[in-house]
Each structure stands twice: as structure tokens, then as C-alpha cells.
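Trainee: my questions concern the predicted model and sequence given below.
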Amino acid sequence: MKVGLYNHLLRSGRLSRRRLLQGAASVGAASAIGGVATGLSARPVWAQDSASLRAAILKIPGVGAGSPTDADWQKVGEMCLGATKETVAEGEFAGVELTFMGLNNQNLHNFLFRGFLKPWEAYTGAKINWIDLAQADYNARLQQSIATGTVDFDIIEMGAPFEGDVLGRGMASEMPDWVKSLIDMDDYVGYLKEPVGTWDGKTHRVSIDGDCHSFAYRTDYFGEGSLTGRDVPRTWQEINEVSKELVGKKDPLTGLDAHGYLDPLKGWGGFGFYFLENRASAYVKHPSDPAWLFDPDTMKPRVNNPGWVQAIQDVLDLIEAGAYPADQINADPGTTAFQQFLAGTGSMLMWWGDVGSSARTSDTSVVGDVVGFGINPASDRVYNSGTGEWEETYNEAPNMAYIGWGVYVMATVDSDSKKQKAAWSAAAHLGGKDLSLWASAYPSGFQPYRNSHFNYGEWEEAGYDRAFIEDYLGSNLDSYNHPNAAIEPRIPGIFQYYSVAEDELAKGFAGQYGSAQETADAIAAAWEKITDQIGRDSQIALYKASLGM
């Protein structure tokens with residue numbers, strides 16, 4: 001559905017999120033009965049019974065049965081080998097060795113890939129060697145490879161923001177047409193389609209994720225009879241108020257100290273900057289302007305305008321009020337999500353959507369029965385960069401942070417046709433339509449990113465209750481389709497900008513700068529240096545292109 005039509009129907013009352021999801025469920029059922037469009041004249045053998053396959057894998061291990069294990073990942077990987085068997089002969093890649101670089105966060109990402117690909121290795125004869133990186137180390141490791149021209153990996157798990165650095169330098173292999181048929185790219189949600197994953201008209205990415213930040217909150221803190229007695233906060237102004245009010249109170253679930261919103265205050269290799277963006281996007285992403293990080297005509301940073309300064313000031317105010325858990329200055333985003341929120345510390349969090357599935361399917365979660373979801377909170381005023389004035393109007397701007405992980409094959413394999421096919425076959429297996437549903441429903445590090453992921457009947461079959469799914473999936477859907485979404489630019493050096501911003505923010509949060517404005521000015525000055533180093537004119541052109549200008 002076109003975004004404009006979607007929003008018109010919502011505003012007119014002719015369509016609700018519930019009715020839209022019910023429609024998606026019906027479409028999914030019809031697809032299972034009537035056939036799936038693959039671009040081929042006949043439906044391939046491996047897709048003949050997709051509905052029953054999807055139902056079967058979603059029972060592994062089953063919602064409420066605890067966290068999946070390596071045995072579960074291998075079983076799901078084996079059950080989803082149909083597409084591989086249709087395109088690769090058994091043992092065809094014997095003697096081929098591939099190196100895969102990706103993350104090892106929270107026992108997710110590469111841990112799952114190993115299990116998913118073990119049956120693929122057994123069938124094809126290929127061997128995969130692994131480079132495991134912590135999230136905080138990822139950017140530095142990739143930038144080192146780019147700068148030195150020493151690419152020591154054949155396949156990489158990478159987000160779209162790095163495409164300017166990697167695809168723009170011709171470092172990635174172009175996706176063969178047979179892979180496009182296997183993974184059904186038409187099923188991707190709209191904002192993950194071209195130009196994401198492409199460069200100069202060539203496709204390079206198998207999507208395995210569809211990132212946006214969602215608002216997670218505790219239902220035992222909000223609503224009638226709750227700890228606060230308040231409605232769920234809708235704006236950052238309300239979030240700041242309630243976070244201060246909770247100081248000194250006790251958590252209704254754990255009996256420990258109650259806390260409001262959980263800001264991560266420690267850097268995370270550039271990824272932590274997204275969490276300041278959550279606050280800032282509502283303040284600075286004006287509906288009339290696609291730009292919010294830089295001025296598109298000059299690349300002058302906007303990070304020190306009054307809206308961004310307000311976002312930094314919010315955090316400084318909560319630090320001063322003692323609203324955060326002890327030692328929050330050393331809490332990175334992984335800590336706030338997995339060691340704090342899911343474990344029962346804090347009442348509000350912005351994180352990627354997979355916190356939703358983890359709340360119900362992870363052994364470490366205690367909040368599965370008291371968690372709700374929504375889009376990025378709004379602001380009751382927005383800064384207009386064009387006029388240089390605040391406007392007293394309600395403003396929503398969901399942060400489409402990172403545009404999702406994808407799997408990319410490096411151009412270094414192109415000189416060896418056997419190795420090239422093996423690499424793309426492995427990538428297609430990880431990005432397969434059925435396997436991706438399982439990864440969206442269980443702890444994986446990924447969130448729903450295909451239209452077919454929004455068939456809530458399949459999630460119910462797995463053990464989720466409908467109200468939870470409508471809330472969780474709806475928060476993702478509403479963010480993906482929002483007309484004022486804050487879209488991230490795919491420009492060279494984007495994580496250089498983010499990493500230096502984290503460094504300056506850490507100084508500001510530790511009191512090394514005199515004010516929020518001084519902190520923001522330091523970030524802006526560092527960003528100007530990066531732009532000049534990369535080349536201002538080329539950055540302007542690429543930034544405008546990424547915003548569709």
C-alpha cells in the first residue's frame with residue numbers, strides 16, 4: 001500500500017491497524033492457497049508447502065519454551081534448505097572456504113548464522129570460517145579494511161549506512177538474478193526496497209532485518225491502578241517528567257528501585273548515537289524538510305541547533321535528577337535493553353524491534369507479561385531549521401535507525417565462479433523468506449522486515465497472543481509507514497560522524513563541557529572536519545541523493 005493512501009485511510013477512520021493486520025493475515029492465507037509470485041512460470045518445488053513449513057519452524061522451540069539453542073538453529077536451517085537444494089547440487093562447493101564477518105552480540109547474530117549454515121555446509125560441501133566482532137568494535141574493524149584495502153572476508157553482515165563506504169568503492173559483488181528469485185525481494189517492506197542495497201543501479205544486499213527504533217514500556221507503570229497512575233507517555237516532555245517523579249519509588253515487579261526512561265550513556269562504536277537521535281528526531285525532523293542531520297546545500301551540521309541541544313539537555317537533566325540506575329554512565333545500548341529493561345530495571349526504553357520478540361522468548365526476560373509498544377514518542381514542539389524558530393505543534397518522527405542488517409558478498413570472490421556462487425548461496429539461505437520469519441519471531445538481533453512477517457495468524461500459531469502481536473508488529477508497521485520518518489543517509493563516513501559524536505557526548509555527560517550547547521558545538525566542529533576530509537561537494541551530492549532531493 002502506498003504510504004499516502006495508508007495514512008489517508010487511517011485519518012479518515014476507514015482503516016485501523018487491527019483491520020490492516022487482519023487484511024494481511026487474509027492475504028497471507030490466500031497466498032498459501034493460491035500460489036506465490038516468484039517471477040517464474042511455475043512455483044518451485046521448495047515453495048510448494050511454504051505455509052506448513054512456516055508453521056512447523058515457528059514451533060521450534062515454541063513461545064514460552066525458553067531461549068532457542070544451537071540445536072534449534074540447526075534444525076530450522078535444515079528445514080529451510082529447499083531453495084538451496086533446487087539451485088545447488090549436493091557437494092557442489094566441496095573445497096570452497098568462505099570467511100564471514102559479523103557480530104557476536106548477546107549470543108545472537110553470528111551464533112545463529114553458524115547454526116543456520118551448518119546444514120548448508122553439510123549439503124554443499126563448503127566450509128565457513130568466522131570473524132566475530134562486538135558491536136563496539138564493528139565500525140573500527142570495517143573502516144580499517146576499507147582504508148587499507150585489505151578485505152579478509154568474503155561475506156559480511158553489514159547495515160545500509162555503510163553502503164556509501166563499501167558499495168561506493170566498488171567493494172561488493174553484484175547480486176546474480178537467480179538469488180533475486182530465491183529471496184523474493186518484492187516481499188520487503190517499502191523503505192527497504194531500492195535504493196537501499198543498491199549502488200549505481202546494481203543490487204548488492206540480501207536484507208535480513210528492517211531496523212527502526214520502537215518505544216517499549218512497562219504496563220505495570222502506566223494506566224489505571226499502575227505505579228504512576230498516568231497514561232503511557234506520548235511525548236519526550238512527559239517522559240522526562242515521569243522519569244523524575246519515579247525517583248525514590250519501588251518497581252512493582254522486582255521490588256527494587258523504580259526508574260523511568262533508560263538512556264544509554266556509554267558509546268557503542270557509533271551505534272549509541274542512535275539513542276540521542278530518538279529524542280532529537282521528534283525535536284528537529286520537521287514534516288516539511290527531509291533533512292535533519294545536515295543542511296543539504298552545505299553539509300553544515302544541524303547537530304548544534306536548538307532542537308539537538310534540547311535532546312542533550314534532557315539527558316543532562318535526568319543525570320542531575322538522579323533518575324537513572326546506578327553507574328548508568330557505563331551503560332551502553334546492549335546493557336539498557338538486555339541487562340536492564342528485559343531483566344526488570346526501568347519502565348521505558350527505545351530500542352530496535354527485536355526487544356519485542358525477546359520479551360516473550362528469551363530466558364533472561366521477566367517483563368513479557370507487562371510490556372507494551374509504540375512508535376518513537378513525539379514532542380509538543382518542533383524546531384524549524386528553515387525559519388530558525390520553534391513551532392508549538394505536536395510532532396512525531398520515528399527514527400529508522402540503521403535501516404537494517406543485510407548480508408553482502410565481497411567483489412573479491414568474483415574471479416572464482418564456484419566461490420562466488422557459494423557465497424551468494426549462503427547469503428540467500430540466511431535471507432530466505434521462511435527462515436526470516438523464524439528470526440523475526442525469536443531472539444536473533446533482527447526484527448520484522450517483510451510484508452509477509454505481518455501475518456499475525458502465524459505468530460499466534462507459534463504461541464503469541466493476538467493483542468501482544470498487534471501491539472508489537474503494529475509499532476513496527478506504524479514506524480515503517482510514517483510520513484515524517486527520520487531516514488538515515490547512506491553516505492560515506494556516516495559512522496565516523498556517529499563515533500566522534502559519541503566521544504563528545506561522553507565528555508558532556510561526564511561534565512567536561514559547560515553546557516548542552518557546548519557539547520553540541522564540539523560535535524558540530526568535529527563533523528565539519530570529517531566532511532572536509534571526505535570532500536564537501538561529493539558529500540552534498542550523496543546526501544541529497546539519499547534524501548531523494
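Mentor: Yep, that arrived. Numbers count the residues shown, from 1 in each chain.
Trainee: tally up the residues packed near Ala65, please.
Mentor: Ala65 has 12 neighbours, counted by other Cβ atoms under 10 Å. Quick note: C-beta positions are derived from backbone N, CA and C, even for glycine.
Trainee: with Lys300 instead?
Mentor: For Lys300, the neighbour count with other Cβ under 10 Å is 16.
Trainee: so Met299 makes contact with Leu542?
Mentor: No. Checked against Cβ atoms under 8 Å, the pair Met299 and Leu542 is beyond contact range at 9.8 Å.
Trainee: which one of these two is surrounded by more residues?
Mentor: Neighbours were counted for Met299 and for Leu542 using other Cβ under 10 Å; Met299 has more, 24 against 19.
Trainee: helix/strand/coil for that one?
Mentor: coil (DSSP: H, G, I helix; E, B strand; the rest coil).
Trainee: what's the answer for Leu437, then?
Mentor: Of the three states, Leu437 takes helix under three-state DSSP.
Trainee: neighbours around it, how many?
Mentor: If you count neighbours by other Cβ under 10 Å, Leu437 ends up with 24.
Trainee: strands of the stretch 351-500 of the chain, residue ranges please.
Mentor: Under the criterion DSSP state E, counting those that start in this stretch, the stretch 351-500 of the chain contains strands at 371-374, 382-384, 389-391, 405-409.
Trainee: and of those, who's closest to Asp165?
Mentor: strand 405-409 (11.6 Å; Cβ to Cβ).
Trainee: alpha carbons only: can I get the closest one in CSV?
Mentor: This file holds the C-alpha atoms of strand 405-409, laid out as CSV (Å, rounded to 0.1, in the frame of the first residue of the first chain):
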residue,chain,number,x,y,z
TRP,A,405,21.3,-5.5,8.7
GLY,A,406,21.9,-7.2,5.4
VAL,A,407,24.3,-9.8,4.0
TYR,A,408,26.8,-8.6,1.3
VAL,A,409,29.2,-10.7,-0.8
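Trainee: what comes up buried for that strand?
Mentor: 405-409 (16 or more other Cβ atoms under 10 Å).
Trainee: low-confidence bits of the stretch 1-150 of the chain, can you list those?
Mentor: Applying pLDDT under 70 to the stretch 1-150 of the chain flags the ranges 1-49.
Trainee: which stretches in it count as helices?
Mentor: Using DSSP state H, counting those that start in this stretch, the helices of the stretch 1-150 of the chain run over 3-12, 17-34, 50-57, 70-79, 82-87, 110-124, 135-148.
Trainee: what pairs with the helix or strand just after the last one, parallel or antiparallel?
Mentor: In other words, helix 135-148. Next in sequence after helix 135-148, counting helices and strands by DSSP states H and E, comes strand 155-159. Applying DSSP bridges to the sheet, strand 155-159 is found paired with strand 97-103 (parallel), strand 405-409 (antiparallel).
Trainee: what angle sits between the first one and helix 135-148?
Mentor: Think strand 97-103. Strand 97-103 and helix 135-148 meet at an angle of 130 degrees, taking axes from the mean of the first three to the mean of the last three Cα atoms, to 10 degrees as the criterion.
Trainee: so what touches strand 97-103?
Mentor: Outside strand 97-103, the residues within contact range by Cβ atoms under 8 Å, 6 or more residues apart in numbering are 109-110, 113, 126-135, 138, 141, 152-157, 413, 419, 422-423, 426, 445.
Trainee: mind listing what the residue lying closest to Gln420 once chain neighbours are set aside touches?
Mentor: Among residues not flanking Gln420 along the chain, Val413 sits closest, at 4.6 Å (Cβ to Cβ, 6 or more residues apart in numbering). By Cβ under 8 Å, 6+ apart, Val413 lies in contact with 98, 154, 173, 419-420, 423.
Trainee: want to throw these into CSV with neighbour count?
Mentor: Formatted as CSV, these follow (neighbours: other Cβ atoms under 10 Å):
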residue, neighbour count
Leu98, 23
Asp154, 24
Ser173, 20
Lys419, 20
Gln420, 20
Ala423, 28
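Trainee: how close does the residue at minimal distance from the centre of the chain sit to Gln447?
Mentor: Nearest to the mean C-alpha position of the chain, by Cα atoms, centre = their mean, lies Asp211 at 2.3 Å. To Gln447, Asp211 is 7 Å away according to Cβ to Cβ, to the nearest Å.
Trainee: ok, now which ones touch Phe468?
Mentor: By Cβ under 8 Å, 6+ apart, the contact set of Phe468 is Arg360.
Trainee: now do Tyr123
Mentor: By Cβ under 8 Å, 6+ apart, the neighbours of Tyr123 are 81, 84-85, 88, 90-91.
Trainee: got a ChimeraX select line for the buried ones in those residues?
Mentor: Filtering the contacts of Tyr123 down to the buried ones (16+ other Cβ under 10 Å) takes a single ChimeraX command:
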select :81,84,88
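Trainee: quick one: which of the contacts of Tyr123 is nearest to Ile57?
Mentor: Ranked by distance to Ile57 (Cβ to Cβ), these are led by Leu81 at 11.7 Å.
Trainee: isn't that closest one right next to Glu121, touching?
Mentor: No. Leu81 is beyond contact range of Glu121, at 10.9 Å (criterion: Cβ under 8 Å).
Trainee: what's the strand or helix carrying Leu349 in contact with?
Mentor: Here Leu349 sits within strand 348-352, counting by DSSP H and E. Strand 348-352 has contacts (Cβ under 8 Å, 6+ apart) with 211-218, 221, 233, 239, 243, 260-262, 275, 278, 333, 336-337, 340-341, 355, 376, 399, 401-402, 447.
Trainee: can you do 6 Å?
Mentor: 211, 213, 215-217, 260-262, 278, 337, 341, 447 (Cβ atoms under 6 Å, 6 or more residues apart in numbering).
Trainee: shaky segments in this protein?
Mentor: In the chain (pLDDT under 70), the answer is 1-49.
Trainee: give me that answer again for 90
Mentor: 1-50, 64-66, 105-107, 146-150, 191, 353-354, 456, 461, 545-549 (pLDDT under 90).
Trainee: quick one on the thing from earlier: what subset of the contacts of strand 348-352 is buried?
Mentor: So, by 16+ other Cβ under 10 Å, the buried ones in the contacts of strand 348-352 are 211, 213, 215-217, 260-262, 278, 337, 341, 447.
Trainee: and Ile208, how far from Leu192?
Mentor: 10 Å.
Trainee: picking up where we left off before, export the strands paired with strand 155-159 to JSON lines and append columns for distance to Arg54.
Mentor: Formatted as JSON lines, the strands paired with strand 155-159 follow (distance: least, Cβ to Cβ, whole Å):
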{"stretch": "strand 97-103", "distance to Arg54": "25"}
{"stretch": "strand 405-409", "distance to Arg54": "21"}
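Trainee: out of those, which is closest to Trp199?
Mentor: Evaluated over the strands paired with strand 155-159, closeness to Trp199 peaks at strand 405-409, with 10.9 Å, by Cβ to Cβ.
Trainee: ok and that closest one relative to strand 348-352, angle-wise?
Mentor: Using the same axes, to 10 degrees, strand 405-409 lies at 20 degrees relative to strand 348-352.
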